[in-house]
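Asks: sequence? don't have it. structure:
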């Protein structure tokens, strides 16, 4: 859906002419016509104003933002490894893979960092292609690397494989994700990296959750936080995943025990100097841990006290996240979980309000994950409240 297509649809839906929109928004009618036809590109300021006039809930702004982030992703995709940082060095490295040096490894590390940050705003779909292609290139370099530089290059390749696995999982391409997780675990074994081993096992446990495999989910999460050498933050996250699995099976005692362990580990992690944290755990914050506690409790939301605790944890945790990540694909799911808790409590208005906040993020990031979660949420709401106009409005927003 282009900006012009969506603007035209909104005008037709509201029975408003282009001239009337121009009058209300204080723009020239010819300019509005060019926006509808795609002749002109809207700026963020224009999109924000038209969203306000049309009461579009940020839909037009989301399309402008998506255009910008996709342009950024395309720029990265077109760069051979990291041309912007050191074209000559990396081109030479690809021609002479056996003579790769630390400077080239540092350049690859910088590219990976940039791609992770881009994914925060663009979503997994926008960076999946570049990351997958560049993982292939890095894997090719690693196949020829030997001597003192190999461990450093293997470490970068391991992080790239982990990132690719996460992106495939977000895109709901589970076979590709599984292959990348196996590659990650192989490289973690070569580098003897207990933290990455725990990371891969944790996200495999999350993939089992998505597939409804609760036994596998609990088993992998237990394995992930068993090794005390792994980073405390990753072990805290693993414990929360295990707690979620126990909550899903109705084992309240085990769920509470693991949530207590997760809280203790999270507190220890918060006391550590930030310089000791692994680069791929940059998202670990007390607020995010609180959100994941709320997600686990959401599966006990049929019990009043746990429903209250879940809403409190999800609300406080999400509010405390930085503005730079609150609109990202991987944090918007928190609102979907809170909406599901509201559904359990019979609060259709609050559930719809949360779901509608996620719709623009799902569109901006073209997120298969968020679209799937929203569709599942709406299906349950439509079955429970088939004649509620707020549920019908949510269906329209999702279409």
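Replies: Noted; the coordinates are in hand. Computed from a prediction, not measured in an experiment: that's the story for all the values here.
Asks: for residue 193, phi and psi?
Replies: In terms of degrees, to the nearest 10, the main-chain angles of residue 193 are phi -100, psi 100.
Asks: now it, nearest residue through space, not along the chain?
Replies: With CB to CB, 6 or more residues apart in numbering as the criterion, residue 193 has its nearest non-adjacent residue at 6.7 Å, and that residue is residue 158. Yep, even glycine has a C-beta here, placed from its N, CA and C like the rest.
Asks: I figured the one you found was touching residue 188, is that so?
Replies: Yes. Assessed by CB atoms under 8 Å, residue 158 is found in contact with residue 188 at 5.8 Å.
Asks: Please enumerate the shared neighbours of those two.
Replies: Counting by CB atoms under 8 Å, 6 or more residues apart in numbering, the contacts common to residue 158 and residue 188 are residue 196.
Asks: Neighbour count: those two, which is higher?
Replies: More crowded of residue 158 and residue 188, by other CB atoms under 10 Å: residue 158, with 27 against 23.
Asks: host element of the more buried one?
Replies: Taking DSSP states H and E as the definition, residue 158 sits inside helix 150-170.
Asks: do residue 48 as well
Replies: Using DSSP H and E, residue 48 falls in helix 44-54.
Asks: gap between the closest residue to residue 163 other than its chain neighbours and residue 102?
Replies: Leaving aside its chain neighbours, residue 163 sits nearest to residue 131 (5.9 Å; criterion: CB to CB, 6+ apart). For residue 131, the distance to residue 102 equals 23 Å [CB to CB, to the nearest Å].
Asks: So between the two, which is more surrounded?
Replies: Remark: of residue 131 and residue 102, residue 131 carries more neighbours, 27 against 11, as counted by other CB under 10 Å.
Asks: now the host helix or strand of that one: mean pLDDT?
Replies: For residue 131, the host element (DSSP H and E) is helix 124-144. Here helix 124-144 scores 85 as its mean pLDDT.
Asks: Which other helices and strands does that helix contact?
Replies: helix 59-77, helix 83-95, helix 102-122, helix 150-170, helix 348-365 (3 or more CB pairs under 8 Å, 6 or more residues apart in numbering; DSSP states H and E).
Asks: mind giving me TSV with those helices and columns for distance to residue 331?
Replies: Listed next are the helices and strands packed on helix 124-144 as TSV, based on distance: least, CB to CB, whole Å:
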stretch	distance to residue 331
helix 59-77	15
helix 83-95	28
helix 102-122	9
helix 150-170	12
helix 348-365	9
